[in-house]
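Asks: turn this into a structure:
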Amino acid sequence: MAARHIDDREGHAHFVTFSCYRRRRLLDHDRAKTIVLGLLGSQLAIQGGRCVGFVVMPDHVHAIVHFPAPDQLSRFMKPWKQRSSVQVKRFLRAELASYAGAIDPAEAIWQPRYDDFNLYCPRKVEEMLVSMYLNPVRSGLVARPSDWPWSSARYYESGRTVGVPVGWLDGRLLSLRDPDNKLSGPPRDTSSSKSWAGTRSIVPLARVTRSSQLIMWLYG
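Replies: Residues are numbered from 1 along each chain as shown. This next block holds a predicted model:
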């Protein structure tokens, strides 16, 4: 199998997707989704990464993540998938024995590898946020994206907590191809040494609400 190339040295955010083995609905149970989100948060904390948004579906997971240091994405994805696989499989065996009994215990929880799409500017981040937030609506699970409890959509719509720390990124972190900072919105205070707008009080809401406004226009 050819070695896979991951473009992880440009300071971009990453839109990642991975699916359950054979697209089984192994995340149907809320506890399984909670495991995936809990390990997302803990692994990001270990590596100093940040989450812009996420959606956990019954058979796959989307997330937008960013790391200030290069070459971190593979080191993040491997333990996130491995640890969640062990814990989800343990849960299924303990609590849903009849379901787990129909699955070969040697089979994996996740499909091999994952899909990664580099997001090099805020506009691309917004596009992917809207796209993934509409997943539960397109699947007929809810009427509005913010009604799906396993998504960060309600954070951007109303500022509610979502179980994982999420927030917007300074546009300068998203793109080295935007030297004039034309895509990152109005000027912001850069006196702080922190490059991540990680708390609700300093998230540039004028920018992030565009995504939720579009969602509300489509499905309000």
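Asks: just for the chain, where's the confidence low?
Replies: Of all residues in the chain, those with pLDDT under 70 make up the ranges 1-10, 97-102, 105, 170-220.
Asks: just checking, what packs against the top helix by length along the chain?
Replies: Assignment by DSSP state H gives helix 73-95 as the longest helix of the chain. Under the contact definition 3 or more Cβ pairs under 8 Å, 6 or more residues apart in numbering; DSSP states H and E, helix 73-95 sits against strand 13-19, helix 30-47, helix 97-101. No exception for glycine: its C-beta is placed from N, CA and C like everyone else's.
Asks: got the buried residues for the first one?
Replies: By neighbour count on 16 or more other Cβ atoms under 10 Å, the buried set for strand 13-19 is 13-16, 18-19.
Asks: start and end of stretch 159-167, how far apart?
Replies: 10 Å (Cα to Cα, to the nearest Å).
Asks: and the spatially closest residue to residue 110 that is not a sequence neighbour, how many neighbours?
Replies: Of all residues not flanking residue 110 in the chain, residue 81 sits nearest, at 5.2 Å (Cβ to Cβ, 6 or more residues apart in numbering). For residue 81, the neighbour count with other Cβ atoms under 10 Å is 22.
Asks: residue 133 versus residue 81, what's the distance?
Replies: To residue 133, residue 81 is 22 Å away according to Cβ to Cβ, to the nearest Å.
Asks: before we move on, back to that, can I get the buried residues of strand 13-19 in JSON lines with distance to residue 45?
Replies: JSON lines is the format used below for these (distance: Cβ to Cβ, whole Å):
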{"residue": "13", "distance to residue 45": "17"}
{"residue": "14", "distance to residue 45": "17"}
{"residue": "15", "distance to residue 45": "20"}
{"residue": "16", "distance to residue 45": "17"}
{"residue": "18", "distance to residue 45": "20"}
{"residue": "19", "distance to residue 45": "25"}
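Asks: and which of these is nearest residue 125?
Replies: For those, the minimum distance to residue 125 (Cβ to Cβ) is 5.9 Å, reached by residue 13.
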